[in-house]
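[1] predicted structure and sequence below. I'll ask about it afterward.
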Amino acid sequence: MKVAIIGQQDFGKAVLEAFLARGDEVAAVFCAPEKEGARPDALRVAAQAAGVTVFQFPSLKTGEARDAMATLDADIGIMAFVLQFAPQDFVSIPRHGTIQYHPSLLPLYRGPSSINWPIIRGDAKTGLTIFRPTDGLDEGPVILQKETPISAEDTLGTVYFDRLFPQGVAAMLEAADLVVGGRHTEQAQDESKASYEGWCRTAESRIQWANHVDFVYDLIRGCNPAPGAWTLFEGRKIQIFDSRKHLFRTFGAVRGKVGEVAEVGTESFRVTCQGGQIEVFKAKGEDTKKISGAELAAALGLKAGSALGV
């Protein structure tokens, strides 16, 4: 088939390479212009290396973008990690329209941080959806979905890089074959079950040590590796990554005050929350790289009784 790919960065690159590897023709790639000082877009670099035409329009809502798509005579458009708004008069141009990847089980978790939030909320599963893009954000009819469990040890990194990324690439190929072959179905999303969340960024990833240990642990997992759950020590930021939770089983097991370092070990340090403790194995200070919890404690002078969050 002849495809037009709209996307960016590593996921877009992987989708491009997957279509090329099986012998499909990639008519062109559309990706957003890089911001000044940003690293080169991996999709753009890969497309140019493969001799594929690259368009970098500041907006896909212009006549120039529509004309570029129209000249391609593509069978299908493939939207792989797209942050630009793509209007209907652009996505409808390919012969079989356009399909889009979203890393959640739509209509759940519409929005830009759809991998973070299911983990932060302690969900037992998530997944991916291939759907038809509409002018509503992540609201179009569903073509196919794939589920994946979220274990108690999973992080944003393991859920995405180990599963949703490779499964998403394969699902884009599968959905494209179904659509171009006329073998697909389109299921309208159930609006009564829909949810939308915005970005999970610095404000959303701050740790509140007075919360229950389950909530704190899930926040850390859902922000690992990005944006990185964080707290303060003497006014300076500490980002926490790899961790483990320990529940208090009895009143006599309680150690330390909420928000205080309870102990520092050879590999980690522990912080008390409601209902238990968070053991920190990997963390990063403002002036350190990502290091072990014990190394960070030594670098910052953390010890039993040190208060975090202020």
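    Cool, the structure landed. Residues are numbered from 1 along each chain as shown.
[2] all contacts plus neighbour counts: C-alpha atoms, from now on.
    OK.
[3] which secondary structure state is assigned to the residue of the chain most remote from its centre?
    Farthest-out residue of the chain from its mean C-alpha position, per CA atoms, centre = their mean: residue 252, at 40.1 Å. The three-state assignment at residue 252 reads helix, by DSSP: H, G, I helix; E, B strand; the rest coil.
[4] can you list the domains in the chain?
    2-193, 213-300 (automatic domain parsing).
[5] and the shortest one, how far apart are its ends?
    Across domain 213-300, the terminal residues are separated by 24 Å (CA to CA, to the nearest Å).
[6] same question, the longest one
    End-to-end distance for domain 2-193, by CA to CA: 36 Å.
[7] on that earlier part again, among the domains of the chain, which is nearest residue 201?
    domain 213-300 (5.9 Å; CA to CA).
[8] let's have the domains of the chain in TSV, adding mean pLDDT and distance to residue 202.
    Shown next, in TSV, are the domains of the chain (pLDDT from 0 to 100; distance: least, CA to CA, whole Å):
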stretch	mean pLDDT	distance to residue 202
domain 2-193	97	13
domain 213-300	97	7
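[9] find the helix or strand that residue 130 is a member of.
    strand 125-131 (DSSP states H and E).
[10] what do you get for residue 244?
    strand 243-247.
[11] packing partners of that strand?
    Judged by 3 or more CA pairs under 8 Å, 6 or more residues apart in numbering; DSSP states H and E, the packing partners of strand 243-247 are helix 213-222, strand 276-280.
[12] any buried residues in the shortest one, and which?
    By neighbour count, and taking 16 or more other CA atoms under 10 Å as the criterion, the buried residues in strand 276-280 are 276, 277, 278, 279, 280.
[13] residue ranges of the helices in the stretch 101-250 of the chain, please?
    116-120, 156-157, 165-180, 213-222 (DSSP state H, counting those that start in this stretch).
[14] what sits up against the shortest one?
    Outside of helix 156-157, the residues that reach it under the criterion CA atoms under 8 Å, 6 or more residues apart in numbering are 115, 116, 119, 221, 222, 223, 224, 225, 226.
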